[in-house]
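> no sequence for this one, just the structure:
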């Protein structure tokens, strides 16, 4: 903000009152956010999985609800004539002063922006009125509660095993462990291998975040060992064993395993944080390649994630010169997808019209994307960032891309001087489309890579099924491959709940005329699905068919789908583990859950797939 923008005296009572109203709105939001996160502990202790999932879904909507409440209160109280430019400038300065002792200043600044941008026209989105850059530092903010951000333990004092027991018992879970001593011994054995021979040196310490990370049916201890300038991140999952007792399930210490646990393809954690920036800083020491925006998002602070993502995007634009272009792959009927080659994300715009056989509307598509946002993504659906009125530099758009936008989505495009503004779009992590992945693998004669892609494709579908998601359009082009070789679904316009689908076998033809008919001789309802037909569209390639039939032939049977549907209708919530089965301490026998059967390629390590399109991708 320039010196001229500073009023000599903050004299506007209206500005002060509005600032107070906005901050009160944020306080309400974060209070409710923390209460939901705190209640997650009790849901986990009692195994109230359905209640926990509902609470996690409802928490996602808290932010927008509080913003709208605040906007409504301000619009009811003040007329537009009272909100002069001078009032807006003073309003921001008053707000900055109120944040001096706040533990979540970065979140409060984003909340301020959300309220203001709901009231102001986009031409006012500049430094004087909103927080284009953060103003209040989040460095060295200290908690005022009895619970620090993280606890420090010294294994050389009492030994590693007793230290690990203290780590677990300090969380004071009100549920008995089945065999805590035995579990601790297994954790100790794994960590000794990981930490090496220096475990008991005086300068060795273990730091553990003070709140557990809750998601679905698991709670996670997140920590790291520190020895001099070396750090060793680790995560210990805590699960129920099906008999009302707890177990330590494994130890995650490989960078890839921890990255997948915190992946953009998974539901948000519920974590009680007084100082969220301190948690983000700790997690970045575990995952140094993961952007802060994604860490805030996976902690359930998705609006802050959006704010930081957009700032990162603007910085990237300033330091690059490549042009936006149509994304590689088969062009979709519903979305126009474009990308900046140097930026690891894609931009998706809903078209104004959809050719046959698509029968949908923009509103219905937005509902599908909202469904995915609120649903458990089980590591198999990409999270998306939704934006309105995004300005791009016109000179960075290829002529082909501009022509495509003006043809397919003219209602969403506005050109102003040197900018092109898109009124609505989704931004999503970039992946290699599975059809391209498989095609390149075949061209290279890499049968192991083909098998890996097909196995992961089937696993992705099976994990979506237990989350009550039917992909709808299961063509390979609607799935992507991450840097870790995981297959993820990302085309949501045809998804349905499994429980809304009617899985059927194709009736036997009644006569020769039926058998020779080009059209179905049987009635087909709107939600009817015939699994045996999937192979017609998916298995034309002999190598793909061989791998598919070896690992996932059950996906072509009605029995598989109907059995899973019935379990969901019966109220079962299945176990979907965000880490490999083979690293678990034991196979838990559960009376309430039958884990889905996933297959693993012959190679324990996914074959390497290199592509220029993947070079700039972050860790998953």
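Sure thing, it's come through. All values derive from a computational prediction rather than experimental measurement. Numbering: from 1, shown residues only.
> what about stretch 132-140, start to end distance?
Length of stretch 132-140, first residue to last, Cα to Cα, to the nearest Å: 22 Å.
> give me the residue at the spatial middle of the chain.
residue 264 (3.4 Å; Cα atoms, centre = their mean).
> next, the contact list for it, please.
By Cβ atoms under 8 Å, 6 or more residues apart in numbering, residue 264 lies in contact with 294, 297, 298, 382, 383, 429, 620. Every C-beta, even on glycine, is put in place using the N, C-alpha and C of the backbone.
> make a markdown table out of these and add pLDDT, neighbour count and distance to residue 353.
Below are the contacts of residue 264 laid out as a markdown table (pLDDT from 0 to 100; neighbours: other Cβ atoms under 10 Å; distance: Cβ to Cβ, whole Å):
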| residue | pLDDT | neighbour count | distance to residue 353 |
| --- | --- | --- | --- |
| 294 | 96 | 23 | 34 |
| 297 | 97 | 22 | 32 |
| 298 | 97 | 26 | 36 |
| 382 | 94 | 22 | 25 |
| 383 | 95 | 21 | 27 |
| 429 | 93 | 22 | 28 |
| 620 | 46 | 25 | 35 |
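> out of these, who's nearest residue 523?
Residue 523 lies nearest to residue 382 out of the contacts of residue 264, by Cβ to Cβ, at 35.6 Å.
> lowest-pLDDT helix or strand in the protein?
helix 512-516 (a mean of 71; mean pLDDT, DSSP states H and E).
> downstream neighbour of that one in the secondary structure list?
strand 528-529 (DSSP states H and E).
> what mean pLDDT does that next one get?
For strand 528-529, mean pLDDT is 92.
> repeat that for stretch 273-286.
The pLDDT scores in stretch 273-286 average 96.
> same question for stretch 24-32.
97.
> for residue 59, give its distance to residue 237.
Noted for residue 59: a distance of 21 Å to residue 237, by Cβ to Cβ, to the nearest Å.
> of these two, who's got more company?
Shown here are residue 59 and residue 237; by other Cβ atoms under 10 Å, residue 237 has more neighbours (22 against 19).
> let me see the contact set for that one.
218, 219, 220, 221, 248, 249, 250, 252, 579.
> who does it form a beta bridge with?
Beta-bridge partners for residue 237, by DSSP bridges, are residue 220.
> picking that back up, is it fair to say the residue nearest to the centre of the chain lies in a strand?
No: counting by DSSP: H, G, I helix; E, B strand; the rest coil, residue 264 falls outside a strand, being coil.
> got a list of what the nearest residue to it once chain neighbours are set aside touches?
Setting aside the residues directly before and after it, residue 264 is nearest to residue 383 in space (Cβ to Cβ, 6 or more residues apart in numbering), at 4.8 Å. By Cβ under 8 Å, 6+ apart, the contact list for residue 383 reads 264, 265, 297, 372, 373, 377, 428, 429.
> thought the last one was touching residue 348?
No: with contact taken as Cβ atoms under 8 Å, residue 429 and residue 348 are classed as non-touching, separated by 11.5 Å.
> quick one: residue 274 from residue 149, how far?
Where residue 149 is concerned, residue 274 sits at a distance of 8 Å (Cβ to Cβ).
> what residues are shared contacts of those two?
residue 143.
> got the domain ranges for the protein?
Per automatic domain parsing, the domain ranges recorded for the chain read 3-124, 150-316, 320-430, 433-614.
> most packed of those domains?
domain 150-316 (a mean of 19; mean count of other Cβ atoms under 10 Å).
> tell me how far it is from the chain's mean position?
Mean-position distance between domain 150-316 and its chain equals 18 Å (Cα atoms, centre = their mean, to the nearest Å).
> so where do the helices sit in the stretch 251-400 of the chain?
Taking DSSP state H, counting those that start in this stretch, the helices of the stretch 251-400 of the chain run over residues 255-261, 276-286, 292-298, 302-318, 362-374, 399-408.
> in TSV, list these along with distance to residue 68.
Formatted as TSV, the helices of the stretch 251-400 of the chain follow (distance: least, Cβ to Cβ, whole Å):
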stretch	distance to residue 68
helix 255-261	33
helix 276-286	22
helix 292-298	21
helix 302-318	13
helix 362-374	16
helix 399-408	30
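> can you pull the pLDDT of the closest residue to residue 469 other than its chain neighbours?
Closest residue to residue 469 apart from its sequence neighbours, by Cβ to Cβ, 6+ apart: residue 495 at 5.9 Å. Per-residue confidence (pLDDT) for residue 495: 94.
> need phi/psi at residue 495.
Residue 495 adopts backbone torsions of phi -70, psi 150, taken as degrees, to the nearest 10.
> in contact with it, which residues?
368, 371, 372, 469, 470, 471, 472.
> residue contacts, the third one?
Residue 372 makes contacts with 381, 383, 384, 492, 495, as judged by Cβ under 8 Å, 6+ apart.
> check the last one too.
By Cβ under 8 Å, 6+ apart, the residues touching residue 472 are 493, 494, 495, 496.
> so for the contacts of residue 495, which is the shakiest by pLDDT?
residue 472 (90).
> and that one, which of the three is it?
Reduced to three states by three-state DSSP, residue 472 is coil.
> excluding chain neighbours, what is closest to it?
Of all residues not flanking residue 472 in the chain, residue 494 sits nearest, at 2.9 Å (Cβ to Cβ, 6+ apart).
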